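> Quick one: sequence plus predicted model below, questions after.
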Amino acid sequence: MAEEGRKIGLAMDFSKGSKAALKWALDGLIRKGDTLFIIHVMHPQALESRNLLWATSGSPLIPLGEFCDPEVRHGYGVEVEPDVLELLDLTCKQQEVNVLWKIYWGDAREKVCEAVLSYELDALVMGSRGLGSIRRVLLGSVTSYVLEHATCPVTVVKDRPH
């Protein structure tokens with residue numbers, strides 16, 4: 001009996017920290033047969049009328065091949081850096097990994113935890129912006145909240161200074 005692949009989530013906001021988390025996950029965590037859920041949370045004000053249907057539940061799952069189409073991304077109001085798509089596409093083909101995008105609108109803390117529950121993720125990887133303790137207390141921390149509330153193991157990857 002063949003073993004089913006794992007479901008790995010990756011919180012992606014296209015910051016340096018989330019790109020470092022993506023690279024870390026692709027280099028050392030993801031393996032053949034896994035499904036990688038890219039969880040992207042946009043500010044609620046970015047919700048355009050054509051996407052109101054998904055305001056509560058988020059977008060449908062979007063396969064990487066479809067998400068690579070600029071018109072599809074434009075339809076959701078997502079701007080993606082080409083290097084992220086190229087890296088995902090290469091890994092998807094080389095390692096036979098299924099990559100799915102999920103776009104939410106709202107509070108990133110709550111929506112990332114919602115995705116963990118909805119897709120019964122085996123693990124979540126996310127980047128850290130490296131806020132100091134005072135700024136983290138004043139501004140809140142998505143990472144801290146997700147670490148406390150997620151129902152799966154969470155790995156936080158810090159961006160290394162160059």
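Received the coordinates, thanks.

> hey, which helix or strand in this protein has the poorest pLDDT?
helix 133-139 (a mean of 49; mean pLDDT, DSSP states H and E).

> Okay, buried residues for whatever helix or strand comes next after that one please.
Remark: after helix 133-139, the chain's next helix or strand is helix 142-149, criterion DSSP states H and E. Residues V142, T143, Y145, V146 are the ones in helix 142-149 that count as buried (16 or more other C-beta atoms under 10 Å). Bear in mind the C-beta positions are built from the backbone N, C-alpha and C, glycine included.

> Quick one: those as JSON lines, columns for pLDDT too.
Converted to JSON lines, those look like this (pLDDT from 0 to 100):
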{"residue": "V142", "pLDDT": "87"}
{"residue": "T143", "pLDDT": "87"}
{"residue": "Y145", "pLDDT": "90"}
{"residue": "V146", "pLDDT": "92"}
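
> Could you work out the most separated pair of those residues?
By the measure C-beta to C-beta, T143 and Y145 form the most distant pair in the buried residues of helix 142-149, at 7.3 Å.

> Let me see the contact set for the closest residue in space to P63 that isn't next to it in sequence.
In this structure, P63 finds its nearest non-sequential neighbour in L100, 6.0 Å apart by C-beta to C-beta, 6 or more residues apart in numbering. Taking C-beta atoms under 8 Å, 6 or more residues apart in numbering, we find L100 in contact with T35, L36, F37, I38, L61, I62, P63, L64.

> cool, and K102?
F37, I38, I39, H40, G58, S59, L61, I62, A115, Y119.

> Sheet partners, orientation included, of the host helix or strand of it?
Assigned by DSSP H and E, K102 falls within strand 98-105. Here strand 98-105 has these sheet partners by DSSP bridges: strand 35-42 (parallel), strand 62-63 (antiparallel).

> okay, now D27: neighbour count?
9 (other C-beta atoms under 10 Å).

> Could you measure from it over to A20?
10 Å (C-beta to C-beta, to the nearest Å).

> what about the closest residue to V157 other than its chain neighbours, neighbour count?
The shortest distance from V157 to any non-neighbouring residue, by C-beta to C-beta, 6+ apart, is to A21 (4.0 Å). Neighbour count for A21, taken as other C-beta under 10 Å: 25.
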